[in-house]
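A.B. asks: fold the stuff below for me.
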Amino acid sequence: MNRFIKSAVVIFIISLGFVYAAHADIFIKQKRHTDAVTIMGQTQPAEDVVSEIWITPEGIRSNAPGESTIMLLDRQKIIHINHRDKTYQVHPMGMDKMMEASGGGQSPEERAAMQGMMKSMMKMDVSVASTGETKTIKGWKCRKYRLVMDTMMGKIVNEVWATEDLKIDQKLYDRLNTAMMASMPGMQQAAGDVQEEMKKIKGVQVNTVSNQQIMGKTRTSTTELLEYKEAKAPAGLLDIPAGYREEQRQ
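C.D. replies: Numbering: from 1, shown residues only. Okay, here's the model as predicted:
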């Protein structure tokens with residue numbers, strides 16, 4: 001997968017998370033475990049990733065092992081940082097613009113075909129329903145929801161436990177999430193409907209079990225909230241580290 005597409009997908013996933021967790025200067029730490037799966041003879045090994053996310057009015061930053069992704073909302077830019085080789089790439093926000101910027105060697109017909117393919121891939125239908133079940137997780141009173149996402153890549157059924165014990169800033173959520181979802185190809189028309197459906201999940205996601213159907217196989221992942229707090233974001237949070245060199249888009 002091209003790095004500019006990877007960056008957009010990472011930010012898109014984070015933007016969906018704003019429905020659960022968005023507040024001025026919020027720190028989130030979460031752990032995601034994904035089970036191994038074998039598809040068409042190819043085995044994708046199990047994976048455990050701990051990520052840290054800062055959400056501020058100026059932008060967001062997600063840090064995972066070896067890489068970081070920064071979204072600068074006002075400047076309409078996404079920065080993908082590779083800490084292993086100390087490089088970074090800057091992309092315009094919105095996958096349509098990303099593909100235009102990276103398609104220097106492609107004909108207009110090839111760029112149009114690629115954009116059409118990506119629009120189809122990113123289209124989705126989302127439905128949310130409260131199950132009425134409740135329980136306490138890590139001291140937080142939680143309610144269970146069933147979130148189903150139908151995409152070109154397959155159906156994803158999520159079991160979401162969310163709590164209203166933690167604060168969220170709805171205005172910041174609306175600003176960031178609307179901008180991100182509207183920028184995704186294929187989402188412009190459906191963004192409003194998707195957001196309204198996602199708002200049915202009240203509060204901050206504490207634990208989510210996702211089952212994704214891929215070519216007749218099911219891959220399960222579990223995301224667990226490890227830490228959630230209001231705190232002043234560190235200085236230079238949205239800056240590129242000194243000494244890193246820019247890598248041109250492919």
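A.B. asks: which stretches of this structure form strands?
C.D. replies: 26-34, 37-39, 42-44, 47-55, 59-64, 67-72, 77-82, 87-92, 124-137, 140-151, 154-163, 204-214, 217-230, 245-246 (DSSP state E).
A.B. asks: save those strands as JSON lines, and put in mean pLDDT too.
C.D. replies: Shown next, in JSON lines, are these (pLDDT from 0 to 100):
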{"stretch": "strand 26-34", "mean pLDDT": "91"}
{"stretch": "strand 37-39", "mean pLDDT": "79"}
{"stretch": "strand 42-44", "mean pLDDT": "82"}
{"stretch": "strand 47-55", "mean pLDDT": "91"}
{"stretch": "strand 59-64", "mean pLDDT": "90"}
{"stretch": "strand 67-72", "mean pLDDT": "90"}
{"stretch": "strand 77-82", "mean pLDDT": "91"}
{"stretch": "strand 87-92", "mean pLDDT": "91"}
{"stretch": "strand 124-137", "mean pLDDT": "92"}
{"stretch": "strand 140-151", "mean pLDDT": "92"}
{"stretch": "strand 154-163", "mean pLDDT": "90"}
{"stretch": "strand 204-214", "mean pLDDT": "89"}
{"stretch": "strand 217-230", "mean pLDDT": "90"}
{"stretch": "strand 245-246", "mean pLDDT": "96"}
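A.B. asks: tell me which of these lies nearest to D239.
C.D. replies: With C-beta to C-beta, the closest approach to D239 among these belongs to strand 67-72: 8.6 Å. Heads up, the C-betas are built off the backbone N, CA and C, glycines and all.
A.B. asks: ok, that closest one: who's next to it in the sheet?
C.D. replies: strand 59-64 (antiparallel), strand 77-82 (antiparallel) (DSSP bridges).
A.B. asks: CA atoms only: put that strand into PDB for me.
C.D. replies: Included here for strand 67-72 are C-alpha records, laid out as PDB according to Å, rounded to 0.1, in the frame of the first residue of the first chain:
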ATOM      1  CA  GLU A  67       5.800   5.900  13.100                       C
ATOM      2  CA  SER A  68       3.600   8.900  13.800                       C
ATOM      3  CA  THR A  69       0.700  10.500  11.800                       C
ATOM      4  CA  ILE A  70      -0.200  14.100  12.200                       C
ATOM      5  CA  MET A  71      -3.400  15.800  10.900                       C
ATOM      6  CA  LEU A  72      -3.300  19.600  10.700                       C
END
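A.B. asks: tell me the angle that strand makes with strand 87-92.
C.D. replies: 30 degrees (axes from the mean of the first three to the mean of the last three C-alpha atoms, to 10 degrees).
A.B. asks: what angle do strand 67-72 and strand 47-55 make?
C.D. replies: Using the same axes, to 10 degrees: strand 67-72 against strand 47-55 is 30 degrees.
A.B. asks: dump the strands of the chain to a markdown table, plus mean neighbour count and distance to P108.
C.D. replies: Compiled in a markdown table, the strands of the chain are given as follows (neighbours: other C-beta atoms under 10 Å; distance: least, C-beta to C-beta, whole Å):
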| stretch | mean neighbour count | distance to P108 |
| --- | --- | --- |
| strand 26-34 | 18 | 38 |
| strand 37-39 | 13 | 34 |
| strand 42-44 | 10 | 34 |
| strand 47-55 | 16 | 38 |
| strand 59-64 | 20 | 33 |
| strand 67-72 | 21 | 29 |
| strand 77-82 | 20 | 24 |
| strand 87-92 | 19 | 19 |
| strand 124-137 | 13 | 28 |
| strand 140-151 | 18 | 27 |
| strand 154-163 | 19 | 31 |
| strand 204-214 | 19 | 33 |
| strand 217-230 | 16 | 37 |
| strand 245-246 | 10 | 27 |
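A.B. asks: quick one: those as JSON lines, columns for distance to L238 too.
C.D. replies: Shown next, in JSON lines, are those (distance: least, C-beta to C-beta, whole Å):
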{"stretch": "strand 26-34", "distance to L238": "14"}
{"stretch": "strand 37-39", "distance to L238": "35"}
{"stretch": "strand 42-44", "distance to L238": "32"}
{"stretch": "strand 47-55", "distance to L238": "9"}
{"stretch": "strand 59-64", "distance to L238": "5"}
{"stretch": "strand 67-72", "distance to L238": "6"}
{"stretch": "strand 77-82", "distance to L238": "8"}
{"stretch": "strand 87-92", "distance to L238": "12"}
{"stretch": "strand 124-137", "distance to L238": "29"}
{"stretch": "strand 140-151", "distance to L238": "29"}
{"stretch": "strand 154-163", "distance to L238": "28"}
{"stretch": "strand 204-214", "distance to L238": "23"}
{"stretch": "strand 217-230", "distance to L238": "18"}
{"stretch": "strand 245-246", "distance to L238": "16"}
